[in-house]
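J.: here's my sequence, what's the structure:
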Amino acid sequence: MDDEARTRLFSSFVTDLLAEERARKNSFEQRGVTVISTAGTLVGIVTGLVALAPWDGHGAFDGAAQRLLVAALCLLSLAALVGLAVNLPALLPYADADALDDPRLRGGASFGLQEEIRQKVATTQELRRLNRTRARALLTALAFEVLALALMTVSVALELRGVR
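T.: Model (predicted):
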């Protein structure tokens, strides 16, 4: 296999890596929207719990139960904010239009292919870094939601038992 064939094979491999990272990025963005939707739904449930709670002149969900619900609402708000952050536009490397006019690119396919590979590798590396950050953010948002659900459960249990 000559150098040109190896370079084309490597270019194909890098193209596949780039496509995979872009697919992961899209998946994280979709999950971010899901986190936002779930947090909103849970906020609605908490609001419903408060509205349906018996009114004894002091307000629904007094004492510890009320503090737990407020903490749950804060966690759900944080989860939604993290979900929004996951969907922020990313600044990725791109091919500079002025660089495409480089005389070396017209001089031979080998240099042009190497430049293409360099651009794809840079974009893949940046996407990989971004995807790792988004994965950590989504894990944090999901942890907030799970903790909020736990607080909501304890709050309802305290209210049902009459603990103030």
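
J.: residue contacts, the spatially most central residue of the chain?
T.: The centroid of the chain falls nearest to residue 86 when counting by Cα atoms, centre = their mean (3.5 Å). Going by Cβ atoms under 8 Å, 6 or more residues apart in numbering, residue 86 touches 28, 29, 31, 32, 35, 134, 137, 138, 141. In short, each C-beta sits where N, CA and C put it, glycine included.

J.: by neighbours, which of those residues wins?
T.: Neighbour tally across those (other Cβ atoms under 10 Å): the maximum, 28 neighbours, falls on residue 141.

J.: near the spatially closest residue to that one that is not a sequence neighbour, how many other residues are there?
T.: Excluding the flanking residues, the one nearest residue 141 by Cβ to Cβ, 6 or more residues apart in numbering is residue 82, at 3.9 Å. Residue 82: 24 surrounding residues under other Cβ under 10 Å.

J.: next one: the one 5 residues further on
T.: For residue 87, the count of nearby residues is 16 (other Cβ under 10 Å).

J.: which phi and psi does it have?
T.: When quoted as degrees, to the nearest 10, the phi and psi of residue 87 stand at phi -100, psi 10.

J.: pretty sure it contacts residue 29?
T.: Yes - contact status for residue 87 versus residue 29: in contact at 5.2 Å, counting by Cβ atoms under 8 Å.

J.: now the helix or strand hosting residue 139: how far from the chain's centre is it?
T.: Using DSSP states H and E, residue 139 maps to helix 109-161. Counting by Cα atoms, centre = their mean, to the nearest Å, helix 109-161 is centred 4 Å from the centre of its parent chain.

J.: do stretch 78-91 as well
T.: Distance, centroid of stretch 78-91 to centroid of chain: 6 Å (Cα atoms, centre = their mean).

J.: C-alpha coordinates for that stretch, CSV please?
T.: Taking Å, rounded to 0.1, in the frame of the first residue of the first chain, the C-alpha atoms of stretch 78-91 are listed here in CSV:
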residue,chain,number,x,y,z
LEU,A,78,-31.0,23.5,38.6
ALA,A,79,-31.5,20.4,36.6
ALA,A,80,-33.5,22.4,34.0
LEU,A,81,-30.7,25.0,33.8
VAL,A,82,-28.1,22.3,33.3
GLY,A,83,-30.3,20.8,30.6
LEU,A,84,-30.4,24.2,28.9
ALA,A,85,-26.6,24.6,29.2
VAL,A,86,-26.1,21.2,27.5
ASN,A,87,-27.9,22.7,24.5
LEU,A,88,-25.9,25.8,24.2
PRO,A,89,-24.2,26.2,20.8
ALA,A,90,-20.7,25.0,20.7
LEU,A,91,-17.8,26.8,19.1
